[in-house]
Structures are given as structure tokens and as C-alpha cells.
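Asks: here is my input; please provide its structure:
(one chain, ligands or ions: 2)
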Amino acid sequence: MKTTLSTLQKMKQDGQKIAMLTCYDASFASLMSEAGVDVLLIGDSLGNVIQGKGSTLAVTMEQMIYHTECVARCAGDALVLADLPFASFQLSPQQAFENAARLMAAGAEMVKLEGGMVMAETVDFLVQRGIPVCEHIGFQPQSVNAYGGYKVQGKSDTEAEVLKRDALALQAAGAALILMEMVPARVAKAVTDSLAVPTIGIGAGPDCDGQVLVMHDMLGVYPGKKARFVKNFMQGASSIQAAVEAYVKAVKGGTFPADEHCF
Ligand code: KIV
Ligand code: NA
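Replies: Ligands and ions are numbered 1, 2, ... in the order given. The predicted structure is shown next:
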């Protein structure tokens, strides 16, 4: 059955974990969908893993549209989620709508954008006009220069309060999913418990309602430095299909992430 927003909402209510992976092309879309991945994310991480750049900042709308079309053609029952790249949505709700609509026309069924409470007005604008939104909070790769490096977010009590406040404001604005990156596990749990909508974690502990990894990280093919939250599911797997199935099983069974992957 096709995964929709209602499916994800019901999964949270039933305590079933959501398995998400990034995906950039048709062949992997088909394989991941067959392996039981619930949501395929066309991440702007393609700047890193496809283009070999040091950050996501130079990724364009045209590139996101191209990869979204490639994935959407073979996504099967998986929900197709596409990132709004840097400088495609921050200027105004109108700019965000124009670009989100282009991703939807390319086959996305939901768009993701980075930003805390400052994006609430934009989320509301999109949702009121028929575009489901996933909000990306905690560590936001498009702001890596503002952070001054790859740093865990929400560590102090004050930062944790801000994170929770942001998540609640974004939910109130209509966000259907809240993705948290590099947040202490106990903080991500508190945020997850306070929200009615599902949370997805990457480096955010085992208590989020779902997990996501970059596919090149979980297949162990990314040549760069491996982040703490990454697990290579090719280890012990006989094929890529088996590795993706092992990831889905680990997420659904709550065995990934383990303590060693958490902050
Ligand atoms: O672009 C991406 O791959 C992402 C994930 C890290 C969540 O945004
Ligand atoms: Na991204």
C-alpha cells in the first residue's frame, strides 16, 4: 500500500518505527522501496555524495528536480520527500512556495526545509496551499558556516528548550514531520514525546519515531570521515538489497541506533 502522510501519522500512534533513507536515482529507489523503506529522501546531501563537494550549499533547484524525477519514477509505495536546497526558500514564503511547487511537479509528495521557528510562517504558507512539509531542526547542514563546524545541537538546557519550542511552533504551523539531526538522545526523546507528529532522527537517539541515514553512509561507500551516528549495514550483508533490508529491520526493531551511534 502507498505510504502517505496518514500512514506516517498512524505509524507514530501505533508505535511502529519509520524507516527513511536518502535516494538519488531510479535503481536505488526501486530497490529501497522493495526492501521496505517507508520514505525516500532526495537529500541535498547529493552535493556531498554525488558531486563530491564539501557542503550542500551549492546544490541547485535544477539538480534537486532532476534527482527527484529519477527517484519518483521508481519509488513504488515509498513516500517521496525532497529537500529545498540552500537559498531556494529562505527569502520569503512566496519563494518557498514557487520552488516547493517545482519539486512537487517533479514527483515529490512532501518537501523538507531547514530552520527553526523562523520558518514557521513559511511552513504555514506551504501547508495552507497543499504542500506537506517536513522540518529539519537541530544541526542544519546548510548553516554549517554559521555554526563554525559540525556540532551537536541542543546540548545545554537553554538550547534544548529552544529546540523544543521550535518543534512545537513548527508543528503548530502545520509541519507533518520533524527531522532532528545531531541532537542528544535525551533531548530528542523529550521533543518526540511532546509532539503529535512523528519525528525522524539522524544522530538523535533511538527514541525518535523513525530514523534516516544517507545511503552512501549505510552502504559504506562514502570516502569521507564517518560520523558517529553512521552504521555500515554492508558489514555482514551478502548484497545491497540485504543491507537495506537489514537497515529497515534494525530501525523497525529498535536495534539501530545503538548507544555507540548516539550523543
Ligand atoms: O540531505 C540529506 O541527506 C539530509 C539528511 C541528512 C537528513 O537532509
Ligand atoms: Na538535506
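
Asks: gap between the residue lying closest to His261 once chain neighbours are set aside and Glu98?
Replies: Distance criterion CB to CB, 6 or more residues apart in numbering; nearest residue to His261, sequence neighbours excluded, is Phe229 at 4.8 Å. In this view, the C-beta of every residue, glycine as well, is placed from N, C-alpha and C. Remark: distance between Phe229 and Glu98 (CB to CB, to the nearest Å) = 33 Å.

Asks: between these two, which is the more surrounded one?
Replies: Neighbour totals were compared for Phe229 and Glu98, and Phe229 leads with 22 against 13 (other CB atoms under 10 Å).

Asks: any idea how far that one lies from ligand 1?
Replies: Distance, Phe229 to ligand 1, using CB to the nearest ligand atom, to the nearest Å: 10 Å.

Asks: isn't that residue up against Cys262?
Replies: Yes. Because the distance of 7.2 Å satisfies CB atoms under 8 Å, Phe229 is recorded as touching Cys262.

Asks: shared neighbours of those two, anything?
Replies: Contact with both Phe229 and Cys262 is made by residues Gly203, Ala204, according to CB atoms under 8 Å, 6 or more residues apart in numbering.

Asks: show me the contacts for Leu84.
Replies: Leu84 makes contacts with Met64, Ala96, Asn99, Ala100, Leu103, Val111, Lys112, Leu113, as judged by CB under 8 Å, 6+ apart.

Asks: tell me which of the residues you listed is nearest to Ala87?
Replies: Using CB to CB, Asn99 comes nearest to Ala87 of the contacts of Leu84, at 9.6 Å.

Asks: what does Val71 show for phi and psi?
Replies: phi -70, psi -40 (degrees, to the nearest 10).

Asks: any idea how far the residue nearest to it when sequence neighbours are not counted lies from Leu79?
Replies: Nearest-residue entry for Val71: Ala29, 4.4 Å, with adjacent residues in sequence omitted and distances by CB to CB, 6+ apart. Applying CB to CB, one obtains 12 Å for the distance of Ala29 from Leu79.

Asks: show me where the stretch 151-263 of the chain has helices.
Replies: Secondary structure of the stretch 151-263 of the chain (DSSP state H, counting those that start in this stretch): helices located at 157-173, 185-194, 215-218, 240-253.
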